[in-house]
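**Student:** Provided below for reference: sequence and predicted model.
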Amino acid sequence: MLDAFLLLGPILELPTINSYAEKMMDKVTGQLLSEIQHSRASFINEALESEIHFAWTIPKVSAKCLWGKALKERVNRSIQKMRYIARIPNSFGYIQQVREEYESLSTALDKYIQVNYNNWFSEIQNGQPFHLDYPVLTVLSDQKLTVNVNHSFFQTLQEARSFSRLDYKIPLRIHSYLELSDQFQLQVSKLFLICDMYNTLHESENDAEWLLMTDNLKLLEEMIQDVRTNITWTSFKLNEIIDDLYIVLRENLNLSRKLLACAKDIRRVFAGWTESNLLWKKKEEVYNLEVFDQKYSSRISEHRARLDSDLSYLYDVVDEIKRLSLLNSTSSIWQRYFRGMKQTISLNLKKFVLASLQELLSYFDDRDGHNHAFVEVHMEVKGKRVVYSPEVDSKDQFSIFNCFRRWEESILSYMKLVYDDVELQEDGSTLLNAKIEEQRGAIARHLEQLKTNLHTFAETLKDFDSIIISDKEAFVDQMLNRSKRERQVCPFLIERFEDMIESLHRQKSKMAESSNFWEWSWIRVNCQPVKVFVDLRVQEILQHSTSAAYELFSKSLKDMEKFVNSMLNDIKSTLESEGDRQLALTKVTQVLEPASRC
């Protein structure tokens, strides 16, 4: 818009043009006035009331001067064009106010810039001498190494370099240092890098691998100590000293990182042991003990093979650590580290063994009821005895206790993969040994409780011993009061036979109503074989007793018929020969006496 007025300048006095120009100038000068007022407000708020953050690379004093120059330049770009409109009347728009605001702001900015520069110049020119004869490195209260920088001096150098670029005069006493400002800056940057590397290196000071760097660290610590005490900012060949220190520190840091990477690989193997689980069972699935033993034993063997592989890998890593550390096998440092590493491996193996035993007991001794019975055994009749199949405890045959003992011993055998040096055992190893023994005791108590509970449950079948133990003939003889030695017919009562039949049916019903399975903790007893056996035995006894009763009853009837016929013949002959009725009555009484004795 101002460019247009530059072209219309000669004809602005024409009435028609003048009227239009006034309206346009109102808008233009109003905007310009608003811009200048905004710049003044920015100047007041930023320059007079707070510190300038023009750029983080520019010191604060020169930043103020540079900011003032930039603000003035921004306003000048618009005002400069108005200078060419010399014939624009002050009555046009806000030209008069614009000129007054600009002159006021320009004067304030010039003064602001000059005051800041003069104050800085006077402070440097008349200030205390600069001292650089102090060590370039120091140690903080937290034992961190840091650069011993006189921040005031280096800030002064930065200000001087910045003002020099702005074509300001620099105090003479800083000129000699200004020539070295780039060198100072580079030295400070390198020393801060060295401090970061050194502090990073010492973060692994408590690791076992730090011991292996003892010889390497001696030279480094000597150099650091020398720099901390003897090397100042004015020392001869400071650049060479810094470069040498950086090289030695870089070598040690690289070695430390390689050793720590090996240590991380070792910890990763140990973490894998911690996360391993021997038990695999699926939820709600029930296994035959033989199948479960096969799978669990296979898992234990697989983990042993994995442990063998892991141990081989660990010793390969240890060999790599030895190669990196440049130590030989006879070195006392290496022997100490190697013994410590073996103890660490042994300790982690014990942790894995303890976790596996705890896992074993947590699944089998389910006191909280979170797990269900997942191993099934059968209750069977063998040799007229009710037994468990497999047996509960047998030294020579496959049994529940033998499986448990074998699992436990197989897990404990993991510890034998690494020789446990008793002389080097620490409190942690001793504590783990105690916990392992405590866990073994808990397993033994669990097995005893299991044995007791299974025996108690087997006792509940005592009511069926008469059926299970006796054979069918002995059972019928006992129930019918029949002699086992003589198969003689005795007086027989039909009521006794009916009682026997009723008793057998009651026992059969009682067995049928009992549960097919009995559970305790992880064991599920399948009672169906016993139930089937009792059912078949009862049917067999019923059939045999019915047959025996029929046989006995038939024989008794035949014998009675034969005896009665004989007696009738005797009575007939007696009556005919003697005619004695009293004697006939006696004969009849003799016939009836056997029945009365029953």
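**Tutor:** Here it is on my side, so go on. Here the structure is a predicted model, which is why all the values come from computation and not from measurement.
**Student:** Please enumerate the helices of the stretch 301-450 of the chain.
**Tutor:** Secondary structure of the stretch 301-450 of the chain (DSSP state H, counting those that start in this stretch): helices at 332-364, 400-412, 427-459.
**Student:** Save those helices as a markdown table, and put in distance to Trp518 too.
**Tutor:** C-beta coordinates here come from the backbone N, C-alpha and C atoms, glycine included. Formatted as a markdown table, the helices of the stretch 301-450 of the chain follow (distance: least, Cβ to Cβ, whole Å):
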| stretch | distance to Trp518 |
| --- | --- |
| helix 332-364 | 17 |
| helix 400-412 | 15 |
| helix 427-459 | 6 |
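**Student:** how much space between the residue lying closest to Val387 once chain neighbours are set aside and Tyr388?
**Tutor:** Excluding the flanking residues, the one nearest Val387 by Cβ to Cβ, 6 or more residues apart in numbering is Glu380, at 6.0 Å. Glu380 sits at a distance of 8 Å from Tyr388 (criterion: Cβ to Cβ, to the nearest Å).
**Student:** ok, those two, which is more surrounded?
**Tutor:** It is Tyr388, of Glu380 and Tyr388, that has more neighbours when counted by other Cβ atoms under 10 Å, with 21 against 17.
**Student:** Please work out how many residues are found near the residue nearest to the more buried one when sequence neighbours are not counted.
**Tutor:** Take Tyr388 and drop its neighbours on the chain: the residue closest to it by Cβ to Cβ, 6+ apart is Val377, 5.4 Å away. Per other Cβ under 10 Å, the neighbour tally for Val377 reads 20.
**Student:** right, and Leu140 touches Val147 too?
**Tutor:** No. With contacts counted by Cβ atoms under 8 Å, Leu140 stays clear of Val147, the gap being 10.8 Å.
**Student:** Between these two, point out the one with more neighbours.
**Tutor:** Val147 (16 against 10).
**Student:** Ramachandran angles for the more buried one?
**Tutor:** phi -80, psi 130 (degrees, to the nearest 10).
**Student:** How about the contacts made by it?
**Tutor:** Val136, Leu137, Thr138, Val188, Leu191, Phe192, Cys195 (Cβ atoms under 8 Å, 6 or more residues apart in numbering).
**Student:** Which neighbouring residues are in contact with the second one, exactly?
**Tutor:** Read it as Leu137. Leu145, Thr146, Val147, Asn148, Leu191, Ile194, Cys195, Ile224, Val227, Arg228, Ile231.
**Student:** try the third one
**Tutor:** With contact taken as Cβ under 8 Å, 6+ apart, Thr138 is in contact with Leu145, Thr146, Val147, Asn148, Arg228.
**Student:** That one looks like it's in a helix, true?
**Tutor:** No. Assessed with DSSP: H, G, I helix; E, B strand; the rest coil, Thr138 is strand; it does not lie in a helix.
**Student:** Distance from the chain centre to the helix or strand hosting Pro529, please.
**Tutor:** Taking DSSP states H and E as the criterion, Pro529 maps to helix 528-577. Here helix 528-577 is found 80 Å from its chain centre; the criterion is Cα atoms, centre = their mean, to the nearest Å.
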